[in-house]
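Asker: Model the following, please.
(one chain, ligands or ions: 2)
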Amino acid sequence: MKPSDTQSDDGVSANSAAADRVRIFDTTLRDGEQAPGFSMDRRAKLRLAHALEALGVDIIEAGFPQASPDDFNAVAEIARTLKTPTVCGLSRCVVGDIDTTGRALESARHSRIHLFLSTSPLHREHKLGMSQAQVIDTAAASIERARKLCHEVEFSAEDATRTEPEYLVEVFNAAVAAGATTLNVPDTVGYTTPSEMAELFGYLRRHVKGAERVIFSTHCHDDLGMAVANSLAAVSAGVRQVECTINGIGERAGNASLEEIVMALKVRAPHFGVDTRIDTRKLYPTSRLLTQLTGQSVARNKAVVGENAFAHESGIHQHGMLKHRGTYEIMRPQDVGIAETKLVLGKHSGRHALRSRLQALGHEVEESAMDGIFARFKALADKKREIHDEDLEAIALGHDPDA
Ligand code: KIV
Ligand code: ZN
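Answerer: Ligands and ions are numbered 1, 2, ... in the order given. Below is the predicted model:
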């Protein structure tokens, strides 16, 4: 690291032009990878890191270098090869971790050490066995040490949303004084609601000394299914870094899903008034790459990238879509990198969709023949979940598709 190149572009001022941009901090390679069934080796991590760079992610949390030699090497290689994003490594507030993380990030163009320490009463008492003052002192000393080893330091108050707000302000005041430039508020156990999230960030932005010089960040888990809603509430309350993962993978029920947050900010841009640097046309390919690397597929009905996100089977919806795609779609599949909307033919489909598909397959059907074709189609659809083009061709030509 060359100290003179420090401080990434937008370091920080809430008044700067960057204030309307939300930085996307992707933690697929750290919090995502940490979940059972999702671990990735160095080669897989490197491939995904390049895809995340192409996607336009601002900060890539590449791993937890102290966790294993392979993770150290993965972070070091990602740090050495990526050009645009800030490369980040996670570290406990422990001297050995900090130094290891600093070494792993040595050759990054922009490096960040992400320090975390629990602040909630439950964690202070049962996990750390530390007093309030000890937590503050440990955080401050760790930030001071980490600052010398990287371009910028992020501090996370683990279990922040179950921490006394007044005490959280004290912790963050000490973190800013010690040199942290990003203050992260993890909803570690996915307990908070959107209105509580907005209220907490309003409070922190009013009370933390130097709040206008730092970036506030949100990091939400999905235990109650509110991770994306909580992240968006945080953005509405002035947060300008969102921590998230591809396909929402992560500990337990997962982290906030990157593709859902990014598309919500894009589709509802007038509502949120912020943008991101994400090339949304790469969302689906990146999601697919992750499923290939981990062997874990996403649910069919997953927002934005699931197989059904742009598929319609019911006759009423298909009829609407054939007249105007806006009737049942709020975004274009091409905007997320999916080739086209699918009108899936099944027992819920109607004549319009059937005729349209037959036309696309080169079969112009006389109206008088349509009743019979439609009846044969419905009879087959009652037996099969989905009707394929070969089935339709057989029906149109008067063959028995079951034969
Ligand atoms: O959920 C959490 O609290 C974390 C921290 C390490 C940021 O992942
Ligand atoms: Zn987490």
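
Asker: from here on, contacts and neighbour counts on C-alpha atoms
Answerer: OK.

Asker: Please name every helix or strand in contact with the host helix or strand of residue 157.
Answerer: Using DSSP states H and E, residue 157 maps to strand 152-158. Contacting strand 152-158 under the criterion 3 or more C-alpha pairs under 8 Å, 6 or more residues apart in numbering; DSSP states H and E are the following elements: strand 111-118, helix 132-147, strand 182-187.

Asker: Now with 6 Å, please.
Answerer: strand 111-118, strand 182-187 (3 or more C-alpha pairs under 6 Å, 6 or more residues apart in numbering; DSSP states H and E).

Asker: Name the surrounding residues that touch that strand.
Answerer: 112-119, 180, 182-186 (C-alpha atoms under 6 Å, 6 or more residues apart in numbering).

Asker: Following element in sequence after it, please.
Answerer: With DSSP H and E, the next secondary element past strand 152-158 is helix 165-178.

Asker: Also compute the angle for that following helix relative to strand 152-158, please.
Answerer: 160 degrees (axes from the mean of the first three to the mean of the last three C-alpha atoms, to 10 degrees).

Asker: Give me the buried positions along helix 165-178.
Answerer: 165, 167-176, 178 (16 or more other C-alpha atoms under 10 Å).

Asker: could the contacts of strand 152-158 be laid out in TSV, adding distance to ligand 1 and neighbour count?
Answerer: Listed next are the contacts of strand 152-158 as TSV, based on distance: C-alpha to the nearest ligand atom, whole Å; neighbours: other C-alpha atoms under 10 Å:
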residue	distance to ligand 1	neighbour count
112	14	28
113	12	28
114	8	26
115	8	26
116	6	22
117	8	23
118	8	23
119	10	27
180	14	26
182	12	26
183	10	24
184	7	25
185	8	25
186	5	22
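
Asker: give me the residue from the protein nearest ligand 1.
Answerer: The chain approaches ligand 1 most closely through residue 188 (3.8 Å), counting by C-alpha to the nearest ligand atom.

Asker: Can you report how many residues lie near the residue nearest to that residue when sequence neighbours are not counted?
Answerer: Take residue 188 and drop its neighbours on the chain: the residue closest to it by C-alpha to C-alpha, 6 or more residues apart in numbering is residue 159, 4.9 Å away. Residue 159 has 22 neighbours, counted by other C-alpha atoms under 10 Å.

Asker: Sketch out the low-pLDDT regions of the chain for me.
Answerer: 1-19, 402-403 (pLDDT under 70).

Asker: Recalculate using a threshold of 90.
Answerer: Counting by pLDDT under 90, the chain shows low-confidence ranges at 1-19, 384-386, 398-403.

Asker: Ligand 1 contacts on that one?
Answerer: For the chain, the residues in contact with ligand 1 (C-alpha under 6 Å from any ligand atom) are 31, 116, 156, 158-159, 186, 188.

Asker: out of these, who's nearest residue 351?
Answerer: residue 31 (47.6 Å; C-alpha to C-alpha).

Asker: Verify the stated contact: that closest one with residue 250.
Answerer: Yes - using C-alpha atoms under 6 Å, residue 31 makes contact with residue 250 at a distance of 5.3 Å.

Asker: quick one, which of these two is more surrounded?
Answerer: Comparing residue 31 with residue 250 by other C-alpha under 10 Å, the one with more neighbours is residue 250, at 26 against 23.

Asker: in what helix or strand does that one lie?
Answerer: Going by DSSP H and E, residue 250 is not in any helix or strand.

Asker: Please report how far it lies from residue 27.
Answerer: Distance, residue 250 to residue 27, by C-alpha to C-alpha, to the nearest Å: 9 Å.

Asker: With distance to residue 224 as extra columns, can I get the helices and strands packed on strand 152-158 in CSV?
Answerer: Converted to CSV, the helices and strands packed on strand 152-158 look like this (distance: least, C-alpha to C-alpha, whole Å):
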stretch, distance to residue 224
strand 111-118, 21
strand 182-187, 11
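
Asker: Let me know which of the ones you listed is the nearest to residue 196.
Answerer: Short answer: strand 182-187, nearest of the helices and strands packed on strand 152-158 by C-alpha to C-alpha, at 11.0 Å.

Asker: right, and the helix or strand after the closest one?
Answerer: Following strand 182-187 in sequence, per DSSP H and E, is helix 194-207.

Asker: right, and the helix or strand after that following helix?
Answerer: strand 215-220.

Asker: who does the strand holding residue 157 pair up with?
Answerer: strand 111-118 (parallel), strand 182-187 (parallel) (DSSP bridges).

Asker: ok, how many other residues are close to residue 271?
Answerer: Count around residue 271 with other C-alpha under 10 Å applied: 11.

Asker: With residue 71 instead?
Answerer: By other C-alpha under 10 Å, neighbour count at residue 71 equals 23.

Asker: how would you label it: helix, strand or coil?
Answerer: Assigned with DSSP: H, G, I helix; E, B strand; the rest coil, residue 71 falls in the helix class.

Asker: Enumerate every residue touching the residue lying closest to it once chain neighbours are set aside.
Answerer: The shortest distance from residue 71 to any non-neighbouring residue, by C-alpha to C-alpha, 6+ apart, is to residue 65 (5.2 Å). Shown in contact with residue 65 (C-alpha under 6 Å, 6+ apart): 71-72, 101.

Asker: ok, 7 Å please
Answerer: 71-72, 75, 89, 100-101, 104 (C-alpha atoms under 7 Å, 6 or more residues apart in numbering).

Asker: Let's have those in TSV, adding secondary structure.
Answerer: Shown next, in TSV, are those (three-state DSSP):
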residue	secondary structure
71	helix
72	helix
75	helix
89	strand
100	helix
101	helix
104	helix
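
Asker: now, among these, which is nearest to residue 237?
Answerer: residue 89 (26.9 Å).

Asker: List the residues that contact the closest one.
Answerer: 61-65, 101, 112-114.

Asker: Quick check: the gap between it and residue 151.
Answerer: Remark: distance between residue 89 and residue 151 (C-alpha to C-alpha) = 12 Å.
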